[in-house]
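K.L.:
no sequence on this one, just coordinates:
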């Protein structure tokens, strides 16, 4: 099971952290940004080159430090074809360096469109005698608002030699998430209904050796009470936990996502890691700053959990 691979990498590095590669112009060190724009021009092509170099530099700096990275498609696709090409390069580099690679799409599609998405990230697109997989990764972050029709096409890819994982947004980390996710639906709220569906989508055959399903849940860390309740009720769901840093979650809150053995969850951190270089001088070593920020977060988490 792919989810076993992720848990094993976390155990090996003793680091339950997924670094989100969500580049924006403000997060790129000025020297790197200026060089890319001078080379390609003050246009999306130049910015895409800066994103590519920045992210690949981070991948080199964090190799062996973190087990996994998460690439946000929105940041790259916003730049058009050059951004998509840069994302392909970043994904290829992450795979070559043996990271567990997640891609965040947040998509929630009707079934035939979900099938196209699943093939492009997981199975490959067959053209003539060749099969192309433009966005190779180990797992996807998706929305589940369309229900089973939008999830079913991914499920066949979650077993076998090249098994993948899927993370469904259950409780997001943004401030207004409660406007929808905490609404009452019958005898439960919407986020609980989505967690119930996520558990159901695992069926009986998608649980790995550590006991967690290949279909996991995105659960924001801002509400410790919600996190505690979801962890108690869904002890076989692997949680991907956003919210650290600028979104306000603290180490103690994040710890509620893990079981008593320190398993079953990974904390995602983006801006707090990517922008760590801003605490340094005028010519920062952004890779080392990112590695130091990861160590700081890991040390904070070790106050509350022990990965076994």
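P.N.:
Received the coordinates, thanks. None of these values were measured; they are calculated from a predicted model.
K.L.:
now the helices: where do they sit in the stretch 201-308 of the chain?
P.N.:
224-233, 251-255, 271-274, 286-302 (DSSP state H, counting those that start in this stretch).
K.L.:
Flag the shaky bits of the chain, pLDDT-wise.
P.N.:
245-251, 281-283 (pLDDT under 70).
K.L.:
let's see it at 80
P.N.:
1, 125-126, 174, 178, 222-223, 244-253, 280-283, 308 (pLDDT under 80).
K.L.:
would you list every one of the strands in the protein?
P.N.:
Counting by DSSP state E, the chain has strands at residues 17-21, 68-72, 100-104, 125-127, 130-132, 139-142, 165-171, 184-185, 188-189, 215-219, 239-241, 265-269.
K.L.:
Could you tell me the angle between the last one and helix 224-233?
P.N.:
What that stands for is strand 265-269. 150 degrees (axes from the mean of the first three to the mean of the last three Cα atoms, to 10 degrees).
K.L.:
Quick one: residues in contact with strand 265-269.
P.N.:
Identification of contacts with strand 265-269 by Cβ atoms under 8 Å, 6 or more residues apart in numbering yields 6, 10, 16-20, 67-68, 70, 221, 238-242, 244-245, 254, 257-258, 293-294, 297, 301. To be clear about C-beta, it is placed using only N, CA and C from the backbone, and glycine gets the same treatment.
K.L.:
Whichever of those end up buried, select them in PyMOL.
P.N.:
If you want just the buried ones from the contacts of strand 265-269 in PyMOL, going by 16 or more other Cβ atoms under 10 Å, the selection is:
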select buried, resi 6+10+16+17+18+19+20+67+68+70+221+238+239+240+241+242+244+245+254+257+258+293+294+297+301
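K.L.:
can you put the strands of the chain in a markdown table and add distance to residue 305?
P.N.:
Below are the strands of the chain laid out as a markdown table (distance: least, Cβ to Cβ, whole Å):
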| stretch | distance to residue 305 |
| --- | --- |
| strand 17-21 | 12 |
| strand 68-72 | 17 |
| strand 100-104 | 19 |
| strand 125-127 | 41 |
| strand 130-132 | 41 |
| strand 139-142 | 22 |
| strand 165-171 | 20 |
| strand 184-185 | 32 |
| strand 188-189 | 27 |
| strand 215-219 | 15 |
| strand 239-241 | 12 |
| strand 265-269 | 9 |
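K.L.:
Quick one, which of the helices of the stretch 201-308 of the chain gets closest to residue 164.
P.N.:
helix 224-233 (23.1 Å; Cβ to Cβ).
K.L.:
tell me what that closest one is packed against?
P.N.:
strand 165-171, helix 190-201, strand 215-219, strand 239-241, helix 251-255 (3 or more Cβ pairs under 8 Å, 6 or more residues apart in numbering; DSSP states H and E).
K.L.:
If we go by neighbour counts, what in that helix is buried?
P.N.:
Within helix 224-233, the residues scored as buried using 16+ other Cβ under 10 Å are 224, 226-227, 230-231.
K.L.:
Make TSV out of those and add distance to residue 289.
P.N.:
Shown next, in TSV, are the buried residues of helix 224-233 (distance: Cβ to Cβ, whole Å):
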residue	distance to residue 289
224	29
226	32
227	29
230	33
231	32
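K.L.:
and which of the residues you listed is nearest to residue 143?
P.N.:
Comparing the buried residues of helix 224-233 against residue 143 with Cβ to Cβ picks out residue 230 as the nearest, at 17.5 Å.
K.L.:
wait, what's in contact with that closest one?
P.N.:
Counting by Cβ under 8 Å, 6+ apart, residue 230 makes contact with 170-171, 191-192, 195, 217, 219, 237, 239.
K.L.:
can you put those residues in JSON lines and add distance to residue 182?
P.N.:
Listed next are these as JSON lines, based on distance: Cβ to Cβ, whole Å:
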{"residue": "170", "distance to residue 182": "12"}
{"residue": "171", "distance to residue 182": "9"}
{"residue": "191", "distance to residue 182": "7"}
{"residue": "192", "distance to residue 182": "9"}
{"residue": "195", "distance to residue 182": "13"}
{"residue": "217", "distance to residue 182": "16"}
{"residue": "219", "distance to residue 182": "13"}
{"residue": "237", "distance to residue 182": "19"}
{"residue": "239", "distance to residue 182": "18"}
